[in-house]
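Visitor: Any chance you can model this:
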Amino acid sequence: MHMQQSFERSQLPLFNAFLADTPHEAPAEAGVVDDQAFSELALRGTAGHCLHLLAPILRELSQNQDARWLTLVAPPASLTQAWLRDAGLNRERILLLQPRQGQDALELAEEALKLGRSHTVISWLHPVERSTRQRLAQAAQTGGAQSLNISLG
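Guide: Prediction:
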């Protein structure tokens with residue numbers, strides 16, 4: 001398993017979100033992008049092994065005390081409803097979103113983040129350029145959410 005530095009640097013704010021009992025803070029001033037709103041995780045190996053490593057993270061996020069959704073945008077085909085059930089995730093708190101025709105996964109993730117109805121929006125974008133990170137962080141900040149990008153290799 002290989003974790004990129006951006007994930008290590010911003011890992012705690014993402015996971016503290018479901019440990020904290022305090023209400024979510026108001027978004028920061030407009031124009032100031034909080035890079036703690038974006039986290040990234042890179043997993044390398046077989047699909048089965050990567051999903052095994054991912055299961056506890058998704059399980060914790062699906063059991064978040066925040067009443068909002070855990071939203072998965074364009075997850076890999078191997079992440080099925082059966083896998084979600086077998087991994088012990090709270091499927092009543094998870095939204096699976098697929099882009100519509102003419103829309104890409106980045107645009108859909110941005111929309112989901114900005115709406116603020118999700119505590120965390122997970123995307124599977126690869127590669128993630130600096131401008132993409134900034135767009136997702138800004139959208140997350142707007143909606144008072146966390147953006148987590150997972151790169152499976």
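Visitor: For G48, grab the count of nearby residues.
Guide: G48: 9 surrounding residues under other CB atoms under 10 Å. Quick note: C-beta positions are derived from backbone N, CA and C, even for glycine.
Visitor: ok but it is inside a helix, no?
Guide: Yes. Looking at G48 with DSSP: H, G, I helix; E, B strand; the rest coil, it is inside a helix.
Visitor: For the protein, which segments count as strands?
Guide: With DSSP state E, the ranges of strands along the chain come out as 38-43, 69-73, 94-97, 118-123, 146-152.
Visitor: looking just at contacts, which helices and strands does the shortest one meet?
Guide: Looking back up the chat, that one is strand 94-97. Applying 3 or more CB pairs under 8 Å, 6 or more residues apart in numbering; DSSP states H and E, one finds that strand 94-97 makes contact with strand 69-73, helix 105-115.
Visitor: Need the winner for burial among these.
Guide: strand 69-73 (a mean of 25; mean count of other CB atoms under 10 Å).
Visitor: Quick check: bridge partners of the residue nearest to W124 when sequence neighbours are not counted?
Guide: Spatial nearest neighbour of W124, excluding adjacent residues (CB to CB, 6 or more residues apart in numbering): I150 at 5.5 Å. Beta-bridge partners of I150, counted by DSSP bridges, are L41.
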